[in-house]
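S.K.: Provided below for reference: sequence and predicted model.
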Amino acid sequence: MKSDIDRLMFERELDALLVIGDSDGNSVMNYLTGGGHLEGALIVKKRNEAAVLYHGSMERDTAAETGLQLIDRGVAHNRYQLIQEHDGDHLAADQAYMIRVLQEQQVSGRIGIYGQYDAGEAWALLNGLQTQAPQSGLDIELVGEYDDSLFTIAQETKDSDELAELQEAGRLTCLVVGEVQAFIQKHKTQEEKVIQEDGSPLTIGHVKRFMRERLFFYGLDDHNATIFSQGRDAGVPHNRGNEEMPLRLGQAIIFDIFPQRESGYYHDMTRTWCLGYAPPEVESAWEQTKEVFDRAMEMFKVGMPCRDLQLMTCDYYEKLGHPTVLNKPGIQEGYVHSLGHGIGLNIHEDPRLTHAKNYDNKLQPGHVITVEPGLYYPDKGFGVRIEDAVALDENGDLIWLTDYPYDLVIPMNG
């Protein structure tokens, strides 16, 4: 949680944090600002002191909504003037700007670097900054973290405000899924296909276009990433579906939708549908998947090792004769992935329900995680997956963020 940041800085021997980059796609920047469009922003936070946001003049109203201490860069450190001072050298101008900020904030010691930036530009900017620091009177060491960074740990647990955002994302997503189901069901069928009023096939593309209209209506964005795959394509977990493919009766459809709110928070849920009827093999795989899903949810309690949930799932599937990633890494059929992952300002974040070596995370209050067992057999022409997002609140009570029926068979008009 945000309240853990100073403690984590102390544990990592960080004297200050520097967060760089535009806000778009920048989960750390959005985590500290609460969202909102900011270009070329910079946040400086010293340990046990409030964060300071340097922002552009054009975003001053957006910046004012963050509640952070503010400095208008356009007034205090005008970039055009800095570029002029450095004979048009943009890199030198930006390095000079950052040096001035660190001097102004009296920053010294170990500084953790975070945010979103082009890799090459970041290397040139920060490497030059570190080199020039001593001659500018700065006693600093720039520190980069990999994998379990301060912010991945802080963001792993959500406070009540974040949980409210995630609950609303789940509510709105379920509304859209319901409207998509109703949209499909209002169509008639003919010769095992779903058809439109003019007799032409209803395609996956038609469904996705309707879905995106409804997402936009509710203030959600799927970034054109929603999975709506049918038949053989449903047997490849991240196949997004062929938009030209007509909807057919009796074929498994995996509908995995993970839209983002304007605040930056995601939801993530999956349903497997068969229109009209389900073939026995698909029905059996779905029932097995629902059974292991229910078992996982019974185990979902504070203190439960995340690894144990994945091991239970693999053991259950293997006893039924399905290959799994536990004993056959790299397989492309059977149970081919981990059981779930955290969600928040990123669609995938910690904790993860994985059997990866040395992963010893345990469920704790504030965790928001997906649970998504599935079976995939592309050569047999199907895949199934069931996914809900759930949370453990500050009291350790389980909260379902996904509230939608699990029905495999979706009745259709004749």
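M.R.: Happy to help now that I have it.
S.K.: Hmm, residue 100 and residue 137 touching each other?
M.R.: No: Residue 137 lies out of contact with residue 100 (CB atoms under 8 Å); the separation is 11.5 Å. C-beta coordinates here come from the backbone N, C-alpha and C atoms, glycine included.
S.K.: neighbour-wise, which of these two wins?
M.R.: Using other CB atoms under 10 Å, the more surrounded residue of residue 137 and residue 100 is residue 100, with 14 against 10.
S.K.: which residues does that one contact?
M.R.: Contacts for residue 100 (CB atoms under 8 Å, 6 or more residues apart in numbering) come out as residue 77.
S.K.: and it, helix, strand or coil?
M.R.: Following DSSP: H, G, I helix; E, B strand; the rest coil, we place residue 100 in the helix state.
S.K.: I figured residue 205 hits residue 247, correct?
M.R.: No: using CB under 8 Å as the test, residue 205 is too far from residue 247 to be in contact (10.4 Å).
S.K.: Quick check on the two: which one has the bigger neighbour count.
M.R.: Counted by other CB under 10 Å, residue 205 and residue 247 do not tie: residue 247 has more neighbours, with 24 against 15.
S.K.: residues touching that one, list them.
M.R.: Counted by CB under 8 Å, 6+ apart, residue 247 has contacts 184, 193, 194, 201, 202, 203, 204, 207, 230, 253, 275.
S.K.: can you redo these as TSV with pLDDT, neighbour count and secondary structure?
M.R.: Listed next are those as TSV, based on pLDDT from 0 to 100; neighbours: other CB atoms under 10 Å; DSSP: H, G, I helix; E, B strand; the rest coil:
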residue	pLDDT	neighbour count	secondary structure
184	98	19	helix
193	96	18	strand
194	97	23	strand
201	97	16	strand
202	97	20	coil
203	98	19	strand
204	98	20	helix
207	98	23	helix
230	98	25	strand
253	98	26	strand
275	98	24	strand
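S.K.: Could you identify the most distant pair in those?
M.R.: Using CB to CB, the pair of the contacts of residue 247 lying farthest apart is 201 and 253, separated by 14.5 Å.
S.K.: Is there a neighbour count for residue 120? I'd like the number.
M.R.: As a burial measure, residue 120 scores 8 neighbours (other CB under 10 Å).
S.K.: Same check on residue 25?
M.R.: So residue 25, with other CB under 10 Å, has 12 neighbours.
S.K.: Under a three-state scheme, what state does it occupy?
M.R.: Residue 25 - assigned by three-state DSSP - is coil.
S.K.: Residue 169: which of the contacts of residue 247 is nearest?
M.R.: residue 207 (21.1 Å).
S.K.: Quickly note the distance from that closest one to residue 237.
M.R.: Taking CB to CB, to the nearest Å as the measure, residue 207 falls 19 Å from residue 237.
S.K.: Helix, strand or coil: sort out residue 301 for me.
M.R.: coil.
S.K.: What number of residues are in the vicinity of it?
M.R.: Neighbour tally, residue 301, other CB under 10 Å: 13.
S.K.: secondary structure class for residue 352?
M.R.: strand.
S.K.: quick one: contacts for it?
M.R.: 306, 338, 340, 341, 342, 359, 361.
S.K.: Quick check: pLDDT value at the fourth one.
M.R.: When you say that, I think you mean residue 341. For residue 341, the pLDDT comes out at 97.
S.K.: Bridge partners for it, pull those for me.
M.R.: Beta-bridge partners for residue 341, by DSSP bridges, are residue 352.
S.K.: Tell me if I'm right that it and residue 368 touch.
M.R.: No: if you go by CB under 8 Å, residue 341 and residue 368 don't touch, sitting 10.0 Å apart.
S.K.: Check which helix or strand residue 365 maps to.
M.R.: For residue 365, there is no host helix or strand (DSSP states H and E).
S.K.: residue closest to the middle of this protein?
M.R.: Residue closest to the mean C-alpha point of the chain, counted by CA atoms, centre = their mean, is residue 347 at 0.9 Å.
S.K.: who's the residue lying closest to it once chain neighbours are set aside bridged to?
M.R.: Excluding its sequence neighbours, the residue lying closest to residue 347 (CB to CB, 6 or more residues apart in numbering) is residue 266, at 4.9 Å. Counting by DSSP bridges, residue 266 is bridged to residue 260.
S.K.: more crowded one of residue 341 and residue 368?
M.R.: residue 368 (28 against 22).
S.K.: Next up, the contacts around that one.
M.R.: When contacts are counted by CB under 8 Å, 6+ apart, residue 368 is found next to 158, 162, 163, 166, 342, 343, 344, 389, 390, 391, 392, 401.
S.K.: Can you tell me which of the residues you listed lies closest to residue 133?
M.R.: residue 344 (33.6 Å).
S.K.: so how far is residue 100 from the closest one?
M.R.: Residue 344 sits 33 Å away from residue 100, taking CB to CB as the criterion.
S.K.: all helices in the stretch 101-250 of the chain, in order from the N-terminus.
M.R.: 119-132, 150-154, 160-185, 204-217 (DSSP state H, counting those that start in this stretch).
S.K.: Appreciated, that's everything.
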